[in-house]
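Trainee: okay, predicted coordinates and the sequence, questions at the end:
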Amino acid sequence: MGRINKELKIVGSNLRKIRTKAHFTQADVAFHLSVNRYHYGRIEIGKVNPKLIFLISFCRFFKIEPSQIFNNLEI
């Protein structure tokens with residue numbers, strides 16, 4: 001697995017943990033962030049590289065610091 005793929009999987013996993021801890025479904029988050037649920041699901045499994053504006057919107061929606069999305073990434 002390439003480094004970028006590994007990093008996308010880590011970010012996606014962090015998004016999933018944040019979402020499920022807040023008791024939201026993928027459909028809920030997709031609706032509130034104005035993205036397709038299928039696309040959002042692919043972000044969570046690390047198949048899609050999310051845009052920066054999406055990550056900012058995600059942080060604002062969940063009222064979290066951006067560092068929480070990048071937790072467990074090796075720089």
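Mentor: It's in. Residues are numbered from 1 along each chain as shown.
Trainee: tell me which residue lies nearest the centroid of this structure.
Mentor: For the chain, the residue nearest the mean C-alpha position is residue 15 (3.5 Å; Cα atoms, centre = their mean).
Trainee: ok, and the closest non-adjacent residue to residue 37?
Mentor: Of all residues not flanking residue 37 in the chain, residue 30 sits nearest, at 4.1 Å (Cβ to Cβ, 6 or more residues apart in numbering). All C-beta atoms are positioned from the backbone trio N, CA, C, and that covers glycine.
Trainee: the host helix or strand of the one you found packs against which elements?
Mentor: Residue 30 is located in helix 26-32, with elements delineated by DSSP states H and E. In terms of contacts (3 or more Cβ pairs under 8 Å, 6 or more residues apart in numbering; DSSP states H and E), helix 26-32 is packed against helix 37-44, helix 52-62.
Trainee: CA atoms only for stretch 62-75, dumped as PDB, please.
Mentor: The C-alpha atoms that make up stretch 62-75 are tabulated as PDB, following Å, rounded to 0.1, in the frame of the first residue of the first chain:
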ATOM      1  CA  PHE A  62     -18.400  18.900  14.500                       C
ATOM      2  CA  LYS A  63     -16.800  21.800  16.300                       C
ATOM      3  CA  ILE A  64     -13.400  20.100  16.400                       C
ATOM      4  CA  GLU A  65      -9.800  21.100  15.800                       C
ATOM      5  CA  PRO A  66      -8.300  20.100  12.400                       C
ATOM      6  CA  SER A  67      -5.600  18.200  14.300                       C
ATOM      7  CA  GLN A  68      -8.200  15.600  15.300                       C
ATOM      8  CA  ILE A  69      -8.700  14.700  11.600                       C
ATOM      9  CA  PHE A  70      -4.900  14.100  11.200                       C
ATOM     10  CA  ASN A  71      -4.500  12.200  14.400                       C
ATOM     11  CA  ASN A  72      -2.200   9.100  14.000                       C
ATOM     12  CA  LEU A  73      -0.500  10.400  10.800                       C
ATOM     13  CA  GLU A  74       3.200  10.200  10.700                       C
ATOM     14  CA  ILE A  75       4.800  13.300   9.200                       C
END
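Trainee: fine, thanks again, bye for now.
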